[in-house]
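S.K.: I'd like to go over a predicted model; first the sequence, then the structure.
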Amino acid sequence: MEAKAVDLAASPDIEPKSRRAAAAMTQSMDKNIGRLLSQLDNLSLTENTLIVFLNDNGGTNSGAYSNGDLHGSKGTYWEGGIRVPYIVSWPAELPKGIRFNYAVSSLDLLPTCVSASGGVLDTDWEMDGVGLLPYLRGERLDAPHEILFWRFWRVAVAREGPWKLLRVAEDPLKNERELLAPLVLINLDDDPAEKTNLAARYPEKAETMLRKLVEWERPLAQPRWYDGSAWEHWQAEQLKNHAMEP
């Protein structure tokens with residue numbers, strides 16, 4: 001959390017200090033993105049430039065940021081940790097003012113940019129990402145992804161349509177996946193704040209998504225790193241941060 005003095009001075013009354021720094025950093029980012037966009041205008045390149053803006057994670061729980069009604073924060077797989085701004089602009093090719101409501105991923109950037117530049121992906125690459133241009137142009141109306149997966153340390157998630165399964169399991173260096181907490185099943189259409197665990201009400205849906213998650217994991221290499229000397233602390237934090245009653 002570092003900001004220029006001139007940007008900090010623009011918001012002297014914001015508290016706590018971390019939130020003031022975040023506001024100053026956001027102001028600096030905004031000004032400098034504006035400089036880049038102005039230069040594209042000056043060079044008459046704006047119309048035919050694909051611009052993408054997105055975060056890598058949601059706000060922290062330090063008081064610097066707010067995730068609104070979304071549960072969780074950076075470092076968690078609740079929506080407050082993984083749902084982020086994702087803005088795409090290409091005036092010559094894409095309609096303006098459209099809100100795209102299907103789940104996408106930063107992994108989609110590579111195939112999207114290759115396609116935009118006229119390239120063709122090697123089919124042997126087996127990419128997880130999907131080219132988004134046909135969806136953003138309205139040429140395809142279905143979801144780009146049938147299912148999405150995440151995994152970090154003890155926590156793994158599957159997202160299929162409105163359904164989200166969250167599994168907290170044993171140390172990922174071990175082959176077994178002994179559950180350390182009850183499975184969590186959320187319907188994000190009905191419960192975007194993730195307050196109600198539906199796993200007991202819809203056990204077949206939870207088990208089906210769990211099988212897909214395990215199948216996705218099967219060819220993955222086992223993690224061979226931990227986060228420095230504090231890995232045991234962060235393993236415990238993962239368990240605490242993803243606990244939810246059935």
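M.R.: Now that the structure is in, tell me what you want to look at.

S.K.: can you give me the helices in the protein?
M.R.: 5-8, 17-42, 79-82, 109-116, 133-136, 203-217, 231-241 (DSSP state H).

S.K.: could you dump those helices to CSV with mean pLDDT?
M.R.: What follows is the helices of the chain, written out as CSV (pLDDT from 0 to 100):
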stretch, mean pLDDT
helix 5-8, 95
helix 17-42, 96
helix 79-82, 95
helix 109-116, 96
helix 133-136, 96
helix 203-217, 96
helix 231-241, 83
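
S.K.: Select, out of those, the one closest to residue 102.
M.R.: helix 133-136 (7.2 Å; Cβ to Cβ). Every C-beta, even on glycine, is put in place using the N, C-alpha and C of the backbone.

S.K.: Tell me which residue lies nearest the centroid of this protein.
M.R.: residue 82 (3.4 Å; Cα atoms, centre = their mean).

S.K.: pretty sure that one is touching residue 149, no?
M.R.: No - look at residue 82 against residue 149 with Cβ atoms under 8 Å: they stay out of range, at 11.4 Å.

S.K.: Quick check: neighbours shared by the two?
M.R.: residue 157 (Cβ atoms under 8 Å, 6 or more residues apart in numbering).

S.K.: Distance check, residue 32 against residue 7.
M.R.: 11 Å (Cβ to Cβ, to the nearest Å).

S.K.: Specify which residue of these two has the higher count of neighbours.
M.R.: Legend: neighbour count by other Cβ atoms under 10 Å for residue 32 and residue 7, higher for residue 7 (19 against 10).

S.K.: dump the residue contacts of the residue nearest to the more buried one when sequence neighbours are not counted.
M.R.: Leaving aside its sequence neighbours, residue 7 sits nearest to residue 24 (Cβ to Cβ, 6 or more residues apart in numbering; 3.7 Å). By Cβ under 8 Å, 6+ apart, the residues touching residue 24 are 3-4, 7-8, 10-11.

S.K.: Which single one of the residues you listed is nearest to residue 56?
M.R.: residue 3 (19.0 Å).
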